[in-house]
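Sequence first, then the predicted structure:
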Number of protein chains: 2
Amino acid sequence: MKICRINTQTQEYSFESVPEAWQHLGGRGLLARILVDEVDATCEPLGPRNKLIFAPGLLVGHMLSSLDRISIGGKSPLTGGIKEANAGGRTGLQLAQLGIHALILEDQPQSEGWWTIHLSKAGVRFEDASHLFGLGVFESATQLAQEFGTEAAIALIGPGGEMGLASAGIQNNDKDGLPARIAARGGLGAVMGSKHIKAIVIDAADGEKPPIADLPAFRAAQKTYSKALTSHPQVKTYADYGTAAMTNMTNHFGALPTRNFSSGEFEAAEKISGEYMRDLLMARGGESETTHACMAGCAIRCSNNYGGADGKSLVSPLEYETIGLMGSNLGIDNLDTVAQMNWAVNDLGLDSIEVGAALGVAADAGLLEWGDGARALELIAEIRAGTPLGRILGSGATTTGRVLGVERVPAAKGQAISAYDPRAIKGTGVTYATSPQGADHTAGLTIRAQVDHTKPEGQAALSRGAQINMAGYDTLGACIFAGFGFAAAPPETIASLLNARYGWEVGNDILQVLGRETLELEREFNRRAGFTAAHDRLPEWLSREALPPTGAVFDVSEDDLDSVFNW
Amino acid sequence: MKICRINTQTQEYSFESVPEAWQHLGGRGLLARILVDEVDATCEPLGPRNKLIFAPGLLVGHMLSSLDRISIGGKSPLTGGIKEANAGGRTGLQLAQLGIHALILEDQPQSEGWWTIHLSKAGVRFEDASHLFGLGVFESATQLAQEFGTEAAIALIGPGGEMGLASAGIQNNDKDGLPARIAARGGLGAVMGSKHIKAIVIDAADGEKPPIADLPAFRAAQKTYSKALTSHPQVKTYADYGTAAMTNMTNHFGALPTRNFSSGEFEAAEKISGEYMRDLLMARGGESETTHACMAGCAIRCSNNYGGADGKSLVSPLEYETIGLMGSNLGIDNLDTVAQMNWAVNDLGLDSIEVGAALGVAADAGLLEWGDGARALELIAEIRAGTPLGRILGSGATTTGRVLGVERVPAAKGQAISAYDPRAIKGTGVTYATSPQGADHTAGLTIRAQVDHTKPEGQAALSRGAQINMAGYDTLGACIFAGFGFAAAPPETIASLLNARYGWEVGNDILQVLGRETLELEREFNRRAGFTAAHDRLPEWLSREALPPTGAVFDVSEDDLDSVFNW
């Protein structure tokens, strides 16, 4: 394994051996380690001193189900703190197959041009990408596939990243070549844009699977894991309905973001539910698929392909978070409209959660009537056009609220809250408030715990456990749903996989060990960036405005919030 | 002396005795004490938990020259930290003559209406101000004078404050009734707007001068002070040229903000200099005045009335900071244009420093050609119209840069740098970086020190002394220029005035004692709000981009910055 370091100004690169302190980490944990070691936490996120880092998780490279994710990180232009965003698709797999433990982009060019970085066994080369500048993600990926072949992994930005918008993510192509696996959150697309890199093409054609220290033991552990995963009842649900299975569940809990988080219950929730979508897609046929894998080898296949009335794909995938933030959150009950909006932000390379939340805030400011999908599409077109209003929205929910004078901004540490209202699912509210990443359900979702989610007591402990586990999974390269498999498998499964892969002797608590180390590193970065306990809070209005229909407010005590990282 | 506390939701009020811990403070120091004691530093600045506080300085109420200033404060919507902004005019004097040590506005209405608060010996009453909503400051003040008489003090907001813009200040009428003495910085006008208070009318017609414990001693100290002040050579300069005397001086130091701080030297500095303006106004005559007092009793009379070619007033006053930020900073060399822009932002009730800096950033983003005054006026009209672009600009330089994607934002703690480039006047740069107020020359200007301003060594100590003194003067209610008098007067003068006024026995170091206490309180508030040493920094580009013609970068060490408050 090597560290590949590329200077985007000089276009020089090197392959370096992995420092000892970086060897036991991968993915999110490794990003945190590198950022603490190499990046001044007070640096300008879009300046030359920030770095953009790609790190496959520790178990990436073997096509284990739901275990080939890529973590991308740097200092966030959205939150001003540490940022890791991960995605499925090919990027993690092919980087690992090139033997790359982490890819680090440094510095930034002082000239105007745009570049594609091509990475293969032959090394690194910069190719002029001027012809791709301004093109959407989908057209860019098509052209890149023509130039560099259809089998390579591609990580790329859209116009949003080029424009430096703080809601811009980095798209990765999936196993079928579609560039829709976005490392969405925190504005990393803008960081890539600040370095004038339009795309990174990773061609592992001459690569190989990472070495395995004890192949029989690895295969045995893999088998145990796969069996546990595929026999888990929840996996069937996700295969059938995708993440959209959550719509009815959150609505039932009164936690479905509705009209800029002014209600937790949407009267038309049924029409944006996973069940409704499945029936619709099955009836429509054509390019519609209700179940689809983003990574080779995935047994869950939670993804989908949303076809329109004519059977032609409108967007793929259509996920619950998008449905929550761009559907009910805007009072929109038409999935076709949500699908069109989703495609448009995907093509811009933007985070649909952040943009959906920003549109909700804009609606509160009077720029959009609830339920007016045509106007919502117009506003997304403003982002593409780079108008002042478009740039406001593309800068995310917090900036939108600040500029338009709206206090009801659903965000923490400057990042939009995802589709679980923190008043009704308080453990997730604790995660939003305290995660070093800013508000993010993938940093520690608690909705499946068998507790009263509206009671403030005990939520800090619940969030603590979830945050540790998720930081651990993100360090392994595991999808959030891989957890179903590991939770059902024997307790030594993760350790067995790691020990067999690396020849280590880690214990059964390795997931938590990695998770805690990751969180501590992230908090250290944020501490240096100027974050304190005062930032581990939700906005005041969430403790003031009661959420219909439960009437819940966010009332987890500050002492509890401050206890989350005491372990 | 009493504390007047008004609840803007219930419209109830009370007059309370002054708590002991608040008695030895006034102005800026008292604001800090009250904010630490009563306001949760993590509160939403435009929410019901913030308070808006008016506190005359300790020596206010006697018409001593340059000593009747009003301090206004609260949690800043611009910086997120503590905020004090002070102004001349009548407000301080009449509050003191009503025996009010501090006026505290609390809570906020949940209904739509707008209100004028009328305060007199008879108590407090709320008057409907719906008819003033949307009106500019000047028309509003005219109507208020018709309703409440021409002799009252008025503190009011313009459309900017109504819109909640973070660059909105609070205008105060001067001794002649003109509402152009703005407590400009940090968005306190938005805080007033969030409480739906359009204006506060303070009528001290039945009031009286504050009691003096030892009148002969007071008169003697006053005489000493006045003599020292009026015989100081600098006072003559300010009487002749106003603060615009600074243009040539800063340009000479290579510190005049030019084209969004890309140069410290403006080729047309002469045309925006105090000397040029004086000649012009004297030639034009009419309503032009080269010397004018904002407060009764002022011996300096640094203010002016800028008349156009027809002799009719274009704006009053036209100050150096406005000339720097709206003139050279935008490449505009026409004082008539700067005067028109200044009037327009005054009428909106906005901080001309913050808006000028935001326009400079917008120009870097391509929205304005350097020197295009007509376009600059159009952009100010966008603010008035409340368009998305207008709201961006009205939100200040930092938000403008964030939204428009410009890194070169001259700001610290989210507040725009004033008209002294911190690379060329490094002591003032230290003040910008470390002041609890955010970037603000009035928190500790060092340009008159006889040092090499481009050398990094020694600047922290210089700033420390200036910050302590200014915090002390702001606690007394002294204008920044009163310092000329006190510096030239015998060292016991301030103590003599305070001891005679209050019957105290404070020592000759009282200015520094008050200054240090004030700064410590402010830093405590900011600490609770989440500020750390990481926030006591200037933006990265100021240490990277060399400033023509000196080639200076900001290179005061972080250790030095962190030492400023070690006393």
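Nice, thanks for sending it over.

Only C-alpha atoms from now on, for both contacts and neighbour counts.
Noted.

how about the helices in the stretch 301-450 of chain A?
Under the criterion DSSP state H, counting those that start in this stretch, the stretch 301-450 of chain A carries helices at the ranges A:320-322, A:335-348, A:352-364, A:373-385, A:388-394, A:397-404, A:426-434.

Can you say which of those helices is packed in most?
Most buried of the helices of the stretch 301-450 of chain A by mean neighbour count (mean count of other CA atoms under 10 Å in any protein chain shown) is helix A:426-434; its value is a mean of 32.

what is the rounded mean pLDDT of it?
For helix A:426-434, mean pLDDT rounds to 98.

With stretch A:95-110 instead?
The average pLDDT for stretch A:95-110 rounds to 98.

near chain B, which residues of chain A show up?
Within chain A, the positions near chain B by CA under 8 Å from any CA of the partner chain are A:42-44, A:46-47, A:163-165, A:388-389, A:391-392, A:395, A:399, A:402-405, A:407, A:528-535, A:539-540.

which of these count as buried?
The neighbour count (16 or more other CA atoms under 10 Å in any protein chain shown) marks A:42-44, A:46-47, A:163-165, A:388-389, A:391-392, A:395, A:399, A:402-405, A:407, A:528-532, A:534-535, A:539-540 as buried among the residues of chain A next to chain B.

give me the number of residues near the closest residue to A:Phe565 other than its chain neighbours?
Using CA to CA, 6 or more residues apart in numbering or on different chains and skipping residues adjacent in sequence, the residue nearest A:Phe565 is A:Arg464, 6.9 Å away. Residues near A:Arg464, counting by other CA atoms under 10 Å in any protein chain shown, number 25.

Wait, a helix at A:Arg464?
Yes - applying DSSP: H, G, I helix; E, B strand; the rest coil, one finds A:Arg464 inside a helix.

Do I have it right that it meets A:Val564?
Yes - using CA atoms under 8 Å, A:Arg464 makes contact with A:Val564 at a distance of 5.4 Å.

Are there helices or strands packed against the helix or strand of chain A with the lowest mean pLDDT, and which ones?
Every helix and strand of chain A was ranked by mean pLDDT, DSSP states H and E. The lowest is helix A:233-241, at a mean of 88. Applying 3 or more CA pairs under 8 Å, 6 or more residues apart in numbering or on different chains; DSSP states H and E, one finds that helix A:233-241 contacts helix A:274-284, strand A:289-292.

Most tightly packed of these?
It is strand A:289-292: most buried of those by mean count of other CA under 10 Å, with a mean of 20.

mind checking how far it is from the chain centre?
Mean-position distance between strand A:289-292 and its chain equals 20 Å (CA atoms, centre = their mean, to the nearest Å).

Could I get the average pLDDT for it?
The model assigns strand A:289-292 a mean pLDDT of 91.

As a check, name the ranges of all helices in the stretch 151-300 of chain A.
Under DSSP H, counting those that start in this stretch, the stretch 151-300 of chain A gives helices at A:159-162, A:188-194, A:215-230, A:233-241, A:246-252, A:274-284.

Where among these is average confidence lowest?
When the helices of the stretch 151-300 of chain A are ranked by mean pLDDT, helix A:233-241 comes last with a mean of 88.

Helix A:426-434 and the longest helix along chain A, what's the angle between them?
Secondary structure of chain A per DSSP state H: the longest helix is helix A:510-529. Going by axes from the mean of the first three to the mean of the last three CA atoms, to 10 degrees, helix A:510-529 is angled at 40 degrees with respect to helix A:426-434.

could I have helix A:510-529 exported to PDB, CA atoms only?
Extracted as PDB, the C-alpha positions of helix A:510-529 are listed here (Å, rounded to 0.1, in the frame of the first residue of the first chain):
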ATOM      1  CA  ILE A 510     -12.100  -3.200  17.000                       C
ATOM      2  CA  LEU A 511     -15.100  -1.400  15.500                       C
ATOM      3  CA  GLN A 512     -15.500   0.700  18.600                       C
ATOM      4  CA  VAL A 513     -11.700   1.200  19.000                       C
ATOM      5  CA  LEU A 514     -11.500   2.600  15.400                       C
ATOM      6  CA  GLY A 515     -14.600   4.600  15.900                       C
ATOM      7  CA  ARG A 516     -13.400   6.300  19.100                       C
ATOM      8  CA  GLU A 517     -10.000   7.000  17.600                       C
ATOM      9  CA  THR A 518     -11.600   8.500  14.600                       C
ATOM     10  CA  LEU A 519     -13.900  10.800  16.600                       C
ATOM     11  CA  GLU A 520     -11.100  11.900  18.800                       C
ATOM     12  CA  LEU A 521      -9.000  12.900  15.900                       C
ATOM     13  CA  GLU A 522     -11.900  14.700  14.300                       C
ATOM     14  CA  ARG A 523     -12.600  16.600  17.500                       C
ATOM     15  CA  GLU A 524      -8.900  17.500  17.700                       C
ATOM     16  CA  PHE A 525      -9.000  19.000  14.200                       C
ATOM     17  CA  ASN A 526     -12.100  20.900  15.100                       C
ATOM     18  CA  ARG A 527     -10.700  22.100  18.400                       C
ATOM     19  CA  ARG A 528      -7.800  23.500  16.400                       C
ATOM     20  CA  ALA A 529     -10.200  25.100  14.000                       C
END
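
and the next helix or strand along the chain from that helix, average pLDDT?
Scanning forward in sequence from helix A:510-529 by DSSP states H and E, the next helix or strand is helix A:558-562. Taken as a whole, helix A:558-562 carries a mean pLDDT of 98.

which other helices and strands contact helix A:558-562?
Packing partners of helix A:558-562 (3+ CA pairs under 8 Å, 6+ apart): helix A:426-434.

what separates the helix it packs on from the chain centre, distance-wise?
With CA atoms, centre = their mean as the basis, helix A:426-434 stands 17 Å off its chain's centre.

repeat for stretch A:199-213
23 Å.

Same check on stretch A:315-332?
Going by CA atoms, centre = their mean, the spacing between the C-alpha centre of stretch A:315-332 and its chain's C-alpha centre is 15 Å.

again with stretch A:387-398
Its chain's C-alpha centre and that of stretch A:387-398 lie 20 Å apart, by CA atoms, centre = their mean.

same question, stretch A:81-96
Remark: stretch A:81-96 is offset 9 Å from the chain centroid, using CA atoms, centre = their mean.

Ends of that stretch, what's the gap?
Start to finish, the residues bounding stretch A:81-96 are 27 Å apart (CA to CA, to the nearest Å).
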